[in-house]
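Student: Below are the sequence and a predicted model for it; my questions follow.
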Amino acid sequence: MVSIYQTKKKTNLPQHAILDVQRWDHEAQGISTHQGKICFIEAALPGEQVQCRITEQKKDYSRVVVQKVLQPSPARVKPLCPSAAQCGGCQLQFVAPDAALQLKQQAVAGLLAHQLKVTALPWQAPLSAVSSGYRRKARIGVWYDKPSRQFEVGFRQAGGKEILDIAHCMVLSPVIAPVLSVLRTTLPQLQHGSAITHVEVLDADGQAFIVIRHIKPLAESDKSLLKAAWPEAWWIGEPQSDEFVAWQPDTPQPEYQLASGQRLQFDATDFIQVNAQVNQAMVAQAIAWLMPEKSDQVLDLYCGIGNFSLAFAPLVAEVTGVEGMANMVQRATANAALNGYSNCSFMQGDLHLSWQGQPWSRGKYHKVILDPARAGAAGAVDEVAKLKPAQILYVSCNAATFARDARVLLENRYQISKIGVMDMFPYTSHLELMALFELS
């Protein structure tokens, strides 16, 4: 008998809907229901009624985009940036930063209450700062359109890879904000401007550094034109990935200072917290919550260039930092020497694997700091729990992975004694967390 395969009959699902937005999720998406499914709605506020277009349908959920706001929330405002609707940088220009922070915290609190099975958490006051001019590091995209012989300079468009041409960005630090106008004016004058693919721009405590990524050699005249267009900035070429060539003699190493005076030098590719003011407040809060003592041994995991390690070094007996990237370990070690700290040691290791036999696993730590990337600290939290430190400070940029890791610590007799959010990226859906776990 021959079996004939028949394709499933397609069903014509509705592509439009009118939805009442119930709440935000932890990624600042509106939540509603339609035909028994959860709907995730971009650019919608709780309490609004919106007309939507359905862009994706799955078995249990749908994704939709707003076509028209029928009943706006009182929190909805006119975006300050004229490029807000197209730019992929700021997703929440349609709501004032204070209101957005409150809504984001409510959404994160709801997620954690559900995931951790708790009715209340000891929330502390949020950390925030100015909402414009806060970003001290950014990547500017450059695209040369051959048919029109025009350059486009800006950020990637929302939901796409194309570069959106932008004349001004309100979230860039005033120190580096001129980069857009400088590039727009100068690139058409260069012989080999089309070789430039992107630019890293840094505000190192008031000093601008511009790193030019170019896939073909630039003429010396091109370099001179760029330097002349912004003589106050330090210009650095990047002819190959992670290969940096200073264009000016005596170019200093980029650095920033913590409030307590420690200097942290870094390279363009090193991770640093892009919001300088919130970073200072975050480090100060970490010290206030952990209350370091001179006899303490501190373990700083995912330590980067030493942002927390160096702040704690003069307050404790010893700091051990562990980081997965070799260049960051080298930078942290150099920064400890720069500040004259002999009680800091830094090591490279994959913290998500077993710590058996690793040198940092043999310490008797009183306090542990965790500051992982968005993927969280899976595996590392299990190893930390085995060490049984009295206190664990977890800094997170992803509430979902934080909830997963927090469950491990709660199952190992830790309790959350303090928790708070940090608005590191105003006008975006991102929200950072800090939580203090104490052994019960």
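Tutor: Yep, that arrived. Residues are numbered from 1 along each chain as shown.
Student: quick one: low-confidence ranges for the stretch 201-350 of the chain?
Tutor: When residues are selected by pLDDT under 70, none of them lie in the stretch 201-350 of the chain.
Student: Leaving out sequence neighbours, find the closest residue to L202.
Tutor: Closest residue in space to L202, ignoring its immediate chain neighbours: F209 at 4.2 Å, by Cβ to Cβ, 6 or more residues apart in numbering. No exception for glycine: its C-beta is placed from N, CA and C like everyone else's.
Student: what comes up buried for the helix or strand encompassing the one you found?
Tutor: Here F209, judged by DSSP states H and E, is contained in strand 207-214. By 16 or more other Cβ atoms under 10 Å, the buried positions in strand 207-214 come out as Q207, A208, F209, I210, V211, I212, R213, H214.
Student: Adjacent strands (with direction) for it?
Tutor: Note on strand 207-214: by DSSP bridges, its sheet partners are strand 196-204 (antiparallel), strand 234-240 (parallel).
Student: What count of nearby residues applies to the residue nearest to E42 when sequence neighbours are not counted?
Tutor: Closest residue in space to E42, ignoring its immediate chain neighbours: V65 at 5.0 Å, by Cβ to Cβ, 6+ apart. Residues near V65, counting by other Cβ atoms under 10 Å, number 16.
Student: Now V65: which helix or strand?
Tutor: strand 61-71.
Student: Distance across stretch 296-304, terminal residue to terminal residue?
Tutor: Distance between the two ends of stretch 296-304: 21 Å, counting by Cα to Cα, to the nearest Å.
Student: Need the per-residue pLDDT for the spatially most central residue of the chain.
Tutor: Of all residues in the chain, the one closest to the mean position by Cα atoms, centre = their mean is C397, 6.7 Å from it. For C397, the model assigns a pLDDT of 97.
Student: cool, S3 as well?
Tutor: pLDDT, S3: 49.
Student: sorry, back to before: can you redo the strands paired with strand 207-214 as TSV with mean neighbour count?
Tutor: Listed next are those as TSV, based on neighbours: other Cβ atoms under 10 Å:
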stretch	mean neighbour count
strand 196-204	22
strand 234-240	18
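Student: For L187, find the nearest of the ones you listed.
Tutor: strand 196-204 (7.0 Å; Cβ to Cβ).
Student: contacts for the closest one?
Tutor: With Cβ atoms under 8 Å, 6 or more residues apart in numbering as the test, strand 196-204 has contacts from 136-142, 172-173, 175-176, 179, 183, 187, 190, 208-215, 218, 238, 254-256, 268-269, 276.
Student: Filter those down to just the buried residues.
Tutor: 136-138, 140-142, 172-173, 175-176, 179, 183, 187, 190, 208-214, 218, 238, 254, 256, 268, 276.
Student: that older thread, beta partners for the residue nearest to L202?
Tutor: Beta-bridge partners, per DSSP bridges, of F209: L202, W234.
Student: that older thread, rebuild the strands paired with strand 207-214 as JSON lines, extending it with distance to V298.
Tutor: Below are the strands paired with strand 207-214 laid out as JSON lines (distance: least, Cβ to Cβ, whole Å):
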{"stretch": "strand 196-204", "distance to V298": "27"}
{"stretch": "strand 234-240", "distance to V298": "34"}
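Student: which residue ranges form the helices in the stretch 101-250 of the chain?
Tutor: Listed in chain order, the helices found in the stretch 101-250 of the chain under DSSP state H, counting those that start in this stretch are 179-186, 220-229.
Student: Same question for the first one: list its buried residues.
Tutor: Along helix 179-186, the positions that meet the burial threshold by neighbour count (16+ other Cβ under 10 Å) are V179, L180, V182, L183, R184, T186.
Student: distance between it and the chain's centre?
Tutor: 26 Å (Cα atoms, centre = their mean, to the nearest Å).
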